[in-house]
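**Q** Below is the sequence, then the predicted model.
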Amino acid sequence: MKQNNQKQYTIKEIMEKIDGVYEGKLSLDHQFNGVSSIENNTANKITFAENKKFIKKAAEHAEGLVLINNNFGETDIKNPLKVEDTRFSYVKVAKLFTPIPYYKPGIHDTAVIEKSASLGDNISIHSNTYIGENAEIDDNVIIAPGVKIAKNVKIGANSVLHPNVVIERDSKLGNNVIIEAGSVIGSEGYGYITREGKHYHIPQLGNVIIEDDVEIGASVTIDRGTQSSTIIGKGTKIDNQVQVGHNVKIGKYCLLIGQVGIGGSAILGDNVIVAGQAGITDHVKLGNNVKVGAGSIVTSDITADSFYLGNPAQDRMKELKIRVIRKKLPEYWKEIKNLKKS
Amino acid sequence: MKQNNQKQYTIKEIMEKIDGVYEGKLSLDHQFNGVSSIENNTANKITFAENKKFIKKAAEHAEGLVLINNNFGETDIKNPLKVEDTRFSYVKVAKLFTPIPYYKPGIHDTAVIEKSASLGDNISIHSNTYIGENAEIDDNVIIAPGVKIAKNVKIGANSVLHPNVVIERDSKLGNNVIIEAGSVIGSEGYGYITREGKHYHIPQLGNVIIEDDVEIGASVTIDRGTQSSTIIGKGTKIDNQVQVGHNVKIGKYCLLIGQVGIGGSAILGDNVIVAGQAGITDHVKLGNNVKVGAGSIVTSDITADSFYLGNPAQDRMKELKIRVIRKKLPEYWKEIKNLKKS
Amino acid sequence: MKQNNQKQYTIKEIMEKIDGVYEGKLSLDHQFNGVSSIENNTANKITFAENKKFIKKAAEHAEGLVLINNNFGETDIKNPLKVEDTRFSYVKVAKLFTPIPYYKPGIHDTAVIEKSASLGDNISIHSNTYIGENAEIDDNVIIAPGVKIAKNVKIGANSVLHPNVVIERDSKLGNNVIIEAGSVIGSEGYGYITREGKHYHIPQLGNVIIEDDVEIGASVTIDRGTQSSTIIGKGTKIDNQVQVGHNVKIGKYCLLIGQVGIGGSAILGDNVIVAGQAGITDHVKLGNNVKVGAGSIVTSDITADSFYLGNPAQDRMKELKIRVIRKKLPEYWKEIKNLKKS
């Protein structure tokens, strides 16, 4: 892992990262130091144009490299690089220039690390951090200022924890996990037993397992399991302020958008998408490829490949049909009254 | 308070904590070091079986102690301990083995404590914490890494504040209060007066009072009162990401589930349960024993012992009846059209 | 900026801050040290009475200064100060006595400040804080314990950051900005491109701009823009646990109440009010002076001066009419059945 903060790449080097055919005027050794919008494109920046409108714009404004689809024939763009998947190629190129946040190998004087913790190579441990007993931090991990890691936690290689993240005891994070600031992983699950009107906490003895390539937003909370593990599957991406209850199992490559809530012991398959502010109630199961619309409340199981919407959520097409009728209820009520008269 | 991290208990000692009749083969001096699921039960672990299915399973798998209800007669379980309330007994036993998080009496070198703060006995104050002027921290309190306590705050005995919790000025916490990571108690209430299109903040001069035995999840926010106190009643349990506005009074033994929002000056009686993502609007009053369903929006007062649901929330049975009809609206609309024709 | 913690003001001094006519018995040099409710008013405290009921109460209880509207004639209040706008005058007076939180000019020993950061005059930098490379902190800024400020951040004069706030790289905050504890500004936006079932993060190269006089609650998250800026307009006030997606533009003097979610690239005009738990979906535009009711989901653009409600949100009067009918659906269904019979 190298610091790519002010990295420069030549056209030749970029063509090694993404397949493409270069048809421009600048030499293959011309260097670029970043990406830009079309409007702000200069000779040292790379941009992309996805359709005719943007290609026209790029022909007028872009002095640097412009990624375009190889379906386009001749254009007036000065330095086009023709690729199969414009947007994906752009994302790969933009990544090359993106600074790794808080990359600064070494251990800051003010970090507090218990002796039994083990640290890999090339780790950046910033100020005012805490690493608990028997924690294992793998190679190239970045621990930003104020992060607190409790005992028996494992953080996989190349992971990045932003400022003030808290990882509670026994949590296991895979490789390439990114967690934005202020999130809490492994908090005590909300499990109570009520006797004579008083609530007694059920000790939560499980943990949280976060698989490889998971990315988690800011102020997210994920509770640890009661006896087993709360699991976030490989490649799942979680937006800000999402809450995941204890014992939840989330599959691979899911998307949970901002402020979603997943009730305890719910199970989500792979490739599930839950839109903003939707809630999944306790113990509910969602099959693979399920989609849930924004602000929905899911109260019963959903079979694979379904798209659900509403409160309570139901098949989206049914819900949309009902919404159309609901809007016309005042008219319908008039019809009923008219019928009654006649 | 003793560190019970790798504590061992004999059957005899366990029977002193929970009433029960032991009918097993292991001697009364046999030692246990933890609890387990039935599947993973070994000779040193304790588990429980609540019904015939689990009793059969326990007879096959469990080598250690199994809590079962004293209604059950003969079973094939090797080491049964018969109790009146299986689950409650299990919770008590599990508690015995649960480590107290961040228990480590003493004050870390990097803790910053103002001189006028007063500290009780046997306190664990971890790294990078702050304790403000005139704060009073009672006996056995645990202050995890990164906790910030502002001035004039009082924390009652045996309370546990997880990493990066913030307690703002003048907040008063009772005994046995547990707050999970990243929560904020006593933030400035959201009170504004608008003049000529501009909003002026109304100084919030009150505080937050949290009574004994309250447990609060991760990333919860509780605002302080405008002139008086925002109050969380004894034994109330609050899940992750709940927001409590200024001047709110919450009764005793309430349950507020994940992502619930309580608007300013709302009043909740005792034993109120508000399910996930529900919202209570400003100034609304809920009587004792009120229940509110998930995702509901409560816009008017609710009398004691009611169960409300929907947006806007109404009596649950009425709401459920309407939901059934709502789902059939397309059919009904056809009926109306048919009637019109004929 | 002076510490006004235990500040005293005479009646004369107060009359210099707010226009008013004093008709009381206490001398103009009598000193006050705070505000109070009417019930708790003593000779050294100031309170206010807005209507006849409160004026009667103030006549009975208040020994100190009482702000009343200059429309009221003779009253039995001992020390009335007649003003044009009672509540606004009270807010101004209360502000005089409100302590500035964490005011303590100087830099704490445990603060970690990169050499390239620049600091203005009279700054309070507390313990366990971090200020990154090239950060610019203007005069009179207060940085409470545990705040983390990444590189290239700018904080305008007189701003206050409460404990454990995180400001991510390149964020620009104006003057007089207040951010409550635990909030995160400038987190990575939630932008992904999906190829063959896997999600690839789109680098978020923009930033967050927060204009003057913005106040932000606790545990708020605001993502930085993809290429451009996420903008919070001047004088806007944001309540706790609000989530603002990348590329969002929020106008001036808006109010976003607790747990509101604003989807990516949404645009809000000036003076927009979004009530608690409401959600605005991606790319939606709200005109000036738009109001959105609590718990609504806005899925399409709203023209200026509208009041929207519901899920999906529509004109509030229409929605209320439909809600009335919805509640009566069981009766209507009976009507239809009766009609069918006859």
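**A** It's in. Numbers count the residues shown, from 1 in each chain, chains lettered A, B, ... in the order given.
**Q** What segments of the stretch 51-200 of chain A are helices?
**A** A:52-61, A:86-97 (DSSP state H, counting those that start in this stretch).
**Q** Return the most buried member of those.
**A** helix A:86-97 (a mean of 20; mean count of other CB atoms under 10 Å in any protein chain shown). Every residue, glycine included, has its C-beta placed from N, CA and C.
**Q** So that helix, near chain C or not?
**A** Yes - applying CB under 8 Å from any CB of the partner chain, one finds helix A:86-97 in contact with chain C at A:87-88, A:91-92, A:94-95, A:97.
**Q** relative to helix C:329-341, how tilted is the helix or strand bottoming out on mean pLDDT in chain A?
**A** Scoring the helices and strands of chain A by mean pLDDT, DSSP states H and E places helix A:329-341 at the bottom, with a mean of 85. Between helix A:329-341 and helix C:329-341, the angle comes out at 40 degrees (axes from the mean of the first three to the mean of the last three CA atoms, to 10 degrees).
**Q** So which elements touch helix A:329-341?
**A** In this structure, helix A:329-341 packs against helix B:329-341, helix C:316-327, helix C:329-341, with contacts taken as 3 or more CB pairs under 8 Å, 6 or more residues apart in numbering or on different chains; DSSP states H and E.
**Q** Quickly note the distance from the spatially most central residue of chain A to residue A:199.
**A** Nearest to the mean C-alpha position of chain A, by CA atoms, centre = their mean, lies residue A:237 at 2.9 Å. Separation of residue A:237 from residue A:199 (CB to CB, to the nearest Å): 35 Å.
**Q** Could you do residue A:304 as well?
**A** For residue A:304 relative to residue A:199 (CB to CB), the value is 37 Å.
**Q** And for residue A:244?
**A** Taken as CB to CB, the span from residue A:244 to residue A:199 is 22 Å.
**Q** Settle it for me: which of those two has more neighbours?
**A** residue A:244 (29 against 19; other CB atoms under 10 Å in any protein chain shown).
**Q** neighbours of the nearest residue to residue A:323 once chain neighbours are set aside, just the number please.
**A** In this structure, residue A:323 finds its nearest non-sequential neighbour in residue C:312, 7.0 Å apart by CB to CB, 6 or more residues apart in numbering or on different chains. Neighbourhood size, residue C:312 [other CB under 10 Å]: 19.
**Q** that's a strand at residue C:312, yeah?
**A** No - if the criterion is DSSP: H, G, I helix; E, B strand; the rest coil, then residue C:312 is coil and not within a strand.
**Q** wait, what's in contact with it?
**A** Contacts of residue C:312 were listed using CB atoms under 8 Å, 6 or more residues apart in numbering or on different chains, and they are A:323, C:297-300.
**Q** so of those residues, which ones are in helices?
**A** Using DSSP state H, the members of the contacts of residue C:312 that fall in helices are residue A:323.
**Q** Who wins on neighbours among the contacts of residue C:312?
**A** Of the contacts of residue C:312, with other CB under 10 Å as the count, residue C:298 tops at 28 neighbours.
**Q** That one and residue C:311: what is the separation?
**A** Taking CB to CB, one finds residue C:298 at 9 Å from residue C:311.
**Q** again with residue A:340
**A** 31 Å.
**Q** Give me the more crowded residue out of these two.
**A** Set side by side, residue A:340 and residue C:311 give different neighbour counts by other CB under 10 Å, the larger being at residue C:311 (26 against 13).
**Q** what's the spacing between the nearest residue to that one once chain neighbours are set aside and chain B?
**A** Nearest non-adjacent residue to residue C:311, counting by CB to CB, 6+ apart: residue C:297, 4.2 Å away. Distance, residue C:297 to chain B, by CB to the nearest CB, to the nearest Å: 10 Å.
**Q** what residues are up against residue C:297?
**A** Applying CB under 8 Å, 6+ apart, the residues contacting residue C:297 are A:277, A:294-295, C:278-279, C:281, C:310-313.
**Q** now the residues you listed: which count as buried?
**A** Buried members of the contacts of residue C:297, scored by 16 or more other CB atoms under 10 Å in any protein chain shown, are A:277, A:294-295, C:278-279, C:281, C:310-313.
**Q** shaky segments in the stretch 51-200 of chain A?
**A** Counting by pLDDT under 70, not a single residue of the stretch 51-200 of chain A qualifies.
**Q** how about a markdown table for the contacts of residue C:297, with pLDDT added?
**A** As requested, those are arranged in a markdown table below (pLDDT from 0 to 100):
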| residue | pLDDT |
| --- | --- |
| A:277 | 98 |
| A:294 | 98 |
| A:295 | 98 |
| C:278 | 98 |
| C:279 | 98 |
| C:281 | 97 |
| C:310 | 97 |
| C:311 | 96 |
| C:312 | 97 |
| C:313 | 98 |
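**Q** And these, which is closest to chain B?
**A** Chain B lies nearest to residue C:311 out of the contacts of residue C:297, by CB to the nearest CB, at 6.7 Å.
**Q** Contact residues of the stretch 101-250 of chain A facing chain C?
**A** Counting by CB under 8 Å from any CB, the stretch 101-250 of chain A sits next to chain C at A:101-102, A:108, A:110, A:126-128, A:144-146, A:162-164, A:178, A:180-182, A:215, A:217-219, A:235, A:237, A:239-241.
**Q** So which of those residues are in strands?
**A** Among these, the residues falling in strands (DSSP state E) are A:178, A:215, A:237.
**Q** The last one touches residue C:190, doesn't it?
**A** Yes - counting by CB atoms under 8 Å, residue A:237 does reach residue C:190; the two are 7.3 Å apart.
**Q** what's around residue A:29, how many residues?
**A** Residue A:29 has 9 nearby residues by other CB under 10 Å.
**Q** Tell me the spatial nearest neighbour of it, not counting adjacent residues.
**A** Nearest to residue A:29 is residue A:10, by CB to CB, 6+ apart, at 5.1 Å.
**Q** Might you enumerate the residues of the stretch 1-150 of chain A proximal to chain B?
**A** A:110, A:112, A:128, A:130, A:146, A:148, A:150.
**Q** residues contacting the residue nearest to the fifth one when sequence neighbours are not counted?
**A** The reference is to residue A:146. Once flanking residues are discounted, residue A:146 sits nearest to residue A:164: 4.2 Å by CB to CB, 6+ apart. Going by CB under 8 Å, 6+ apart, residue A:164 touches A:145-148, A:181-182, B:146, B:164, B:182, C:146, C:148, C:164, C:166, C:182.
**Q** Pick the one among the residues you listed closest to residue A:173.
**A** For the contacts of residue A:164, the closest approach to residue A:173 (CB to CB) belongs to residue A:147, at 12.0 Å.
**Q** Let me see the backbone angles for that closest one.
**A** phi -70, psi 140 (degrees, to the nearest 10).
**Q** shouldn't it be in contact with residue A:155?
**A** No - in this structure, residue A:147 is not within contact of residue A:155 by CB under 8 Å, at 9.8 Å.
**Q** would you turn the contacts of residue C:297 into CSV with distance to residue A:30?
**A** Formatted as CSV, these follow (distance: CB to CB, whole Å):
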residue, distance to residue A:30
A:277, 47
A:294, 45
A:295, 49
C:278, 50
C:279, 46
C:281, 42
C:310, 56
C:311, 53
C:312, 50
C:313, 51
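**Q** quick check, nearest of these to residue B:173?
**A** For these, the nearest to residue B:173 is residue A:277 (31.0 Å; CB to CB).
**Q** Which helix or strand contains that closest one?
**A** Following DSSP states H and E, there is no helix or strand that holds residue A:277.
**Q** Contact partners for it?
**A** A:258-260, A:294-295, B:277, C:261, C:277, C:279, C:297.
**Q** out of these, which are inside strands?
**A** C:261, C:279, C:297.
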